[in-house]
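*Asks:* Sharing a model that was predicted from the sequence below.
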Amino acid sequence: MVRTIPVAILATGIMGLPVMAAEQYWVARDAVSKQCEIVPKKPDGTLVIDLGKKKYASEGEARKAMEAMADCKKK
């Protein structure tokens, strides 16, 4: 009984790791083409510039934010 509780806690923690590593999205602009895009990893700041300095939990949230940004509006 004493060993089963720590083992159960450990197993629950290991199974929960993929949930903690959920996908994140950033709104970024290509430094050369000046086109906005949604990227799945944090922009490096050299070739792809981070706009808004915020990460989004879903691609839909990032798309809404991108459409609202002045730097990403089509001219």
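*Replies:* That came in fine, so what should we check first? Numbers count the residues shown, from 1 in each chain.

*Asks:* contacts and neighbour counts: CA atoms only from here.
*Replies:* Will do.

*Asks:* State the distance from Leu51 to Thr4.
*Replies:* With the distance defined as CA to CA, to the nearest Å, Leu51 ends up 48 Å from Thr4.

*Asks:* For those two, indicate the residue with more neighbours.
*Replies:* Shown here are Leu51 and Thr4; by other CA atoms under 10 Å, Leu51 has more neighbours (20 against 9).

*Asks:* Wait, a strand at the more buried one?
*Replies:* Yes. Under DSSP: H, G, I helix; E, B strand; the rest coil, Leu51 sits within a strand.

*Asks:* Need the pLDDT of it.
*Replies:* Per-residue pLDDT puts Leu51 at 81.

*Asks:* in the helix or strand hosting Lys64, what's buried?
*Replies:* Assigned by DSSP states H and E, Lys64 belongs to helix 59-68. Under the neighbour-count criterion of 16 or more other CA atoms under 10 Å, helix 59-68 has Glu59, Ala62, Arg63, Ala65, Met66 buried.

*Asks:* quick one, what contacts the third one?
*Replies:* Arg63 makes contact with Val27, Ile38, according to CA atoms under 8 Å, 6 or more residues apart in numbering.

*Asks:* How much space separates it from Gln24?
*Replies:* From Arg63 to Gln24 the distance is 12 Å (CA to CA).

*Asks:* just the last one next, same as before
*Replies:* Met66 sits 15 Å away from Gln24, taking CA to CA as the criterion.
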